[in-house]
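Visitor: Here is a sequence together with a model predicted from it:
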Amino acid sequence: MKIGLIGLKKSGKTTIFNALTGMDITTDQYSASKDEPNIASVRVSDPRITALSEMYRPKKTTYATLECMDFGGFKDSQGGERKEIFSGTELGLIKTVDALGLVVRNFHDQYIDSVLGEPDPFSDIDTVLSELILADLIVAETRLERINHQIQRGTKTPALELERDALARIHAFLEQGDVAVPPELTADEDKAVRGFRFLTLKPIIVILNSDESTFGRSTELLGMIWKRFCGIEFAGQFEMELNRLERDEAKAFMDDMGIGTSARERLTMAAYELLGYISFFTVGADEVRAWTIRRGGTAVDAAGAIHSDLARGFIRAECFAYDDLMTHGSEKALRDKGLIRLEGKTYPVRDGDILSIRFNT
């Protein structure tokens, strides 16, 4: 799973990135914009993996991971001479992310306030979305012009018409300006335009970057954000500094601020919910490992997440539930009670399933 952090200059994206990843990228107000995004892979905390590892005592324990990309801040198209919000390299990378983390400033800083004015989260959201819409409009219009030119020259095929109709629908969606409600595309239309990886069609998590004086006091603001998008609040600077403390000391400070879980855990939970991801597990003496698939994915999808050979040669999936294992204490007890099942290709994998794939290559 990949999350791309975007936002206006000085919104605190890199501070959020540091809080999520434990890295220590420079974040002072005078630091210049970076040419390349910061990238880090972070472990997805899951107490179930810890419990399974304690039970099986494997040689290796592997948690699911989240890749976080911190892109340079940008101005709106009327706020400077910059004509593109991302460089070619950045654009190629951001199109690969599964979701966008739109960071907006909800903190005060004497220098930043003097240059950019008071925090205005909703204005920042609209500004960033306008830039994403503009970038996607350019892509849609360019492709539509080429398709219409091909059709005028007599190259008219069902596939080309399907793509044109899907792009026309996306173009109309972009022009009306409200990206909170994406256009409804058929499965064939979605497949026809999937390669363009439009930024505005990606799920968006609005990250309200607050300071210690505003954190936890933005309920109304978050409620308004939730009317359009998934929203989450971080005390970015405070939570970045927690990474430098010992665990017990950090926990004490979190309790004082009313922060129950780490920034990484809160973002992960929000992303899993937004993207519809679930976790399943494989266990054994060699390795206990967490895997991620889309909710509704089948046993074959799960096999493919592990390795393409397992999906290609899939026979059956031996399956039992994490909760049952914790309740009864061992696989042997589960077998005695008939709680280990053999499932076929179309079995819908559930969050917390433990699978062993039987296959033939």
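Guide: Received it, and whenever you're ready, just let me know what you need. Numbering: from 1, shown residues only.

Visitor: Lowest mean pLDDT among the helices and strands of this protein, which one is it?
Guide: In the chain, the helix or strand scored least confidently by mean pLDDT, DSSP states H and E is helix 88-94, which has a mean of 79.

Visitor: buried residues in stretch 251-258?
Guide: Within stretch 251-258, the residues scored as buried using 16 or more other CB atoms under 10 Å are M254. Using the backbone N, CA and C atoms, a C-beta is placed for each residue, glycine as well.

Visitor: and that stretch, average pLDDT?
Guide: For stretch 251-258, mean pLDDT is 87.

Visitor: Could you check how far it is from the centre of its chain?
Guide: Its chain's C-alpha centre and that of stretch 251-258 lie 26 Å apart, by CA atoms, centre = their mean, to the nearest Å.

Visitor: pLDDT below threshold where in this structure?
Guide: Low-confidence segments of the chain, defined by pLDDT under 70: 27-35, 74-88.

Visitor: According to the record, where do the domains of it fall?
Guide: 2-44+63-119+203-274, 131-200, 296-359 (automatic domain parsing).

Visitor: Need those domains in CSV (columns: distance to V288).
Guide: Shown next, in CSV, are the domains of the chain (distance: least, CB to CB, whole Å):
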stretch, distance to V288
domain 2-44+63-119+203-274, 10
domain 131-200, 34
domain 296-359, 10
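
Visitor: To A285, which of the ones you listed lies closest?
Guide: Closest to A285 of the domains of the chain is domain 296-359 (CB to CB; 12.2 Å).

Visitor: Give me the neighbour count for the closest residue to G73 other than its chain neighbours.
Guide: Of all residues not flanking G73 in the chain, K9 sits nearest, at 3.5 Å (CB to CB, 6 or more residues apart in numbering). K9: 16 surrounding residues under other CB atoms under 10 Å.

Visitor: With R105 as the reference, measure out to K9.
Guide: To R105, K9 is 10 Å away according to CB to CB, to the nearest Å.

Visitor: Mind listing the shared neighbours of the two?
Guide: L116 (CB atoms under 8 Å, 6 or more residues apart in numbering).

Visitor: re the thing from before, now do the least confident helix or strand of the chain: which elements does it pack against?
Guide: Counting contacts by 3 or more CB pairs under 8 Å, 6 or more residues apart in numbering; DSSP states H and E, helix 88-94 packs against strand 2-7.

Visitor: now with 10 Å?
Guide: Using 3 or more CB pairs under 10 Å, 6 or more residues apart in numbering; DSSP states H and E, the elements in contact with helix 88-94 are strand 2-7, strand 65-70, helix 121-152.

Visitor: ok, and which of the ones you listed has the densest surroundings?
Guide: Comparing the helices and strands packed on helix 88-94 by mean neighbour count (mean count of other CB atoms under 10 Å), strand 2-7 comes out on top with a mean of 25.
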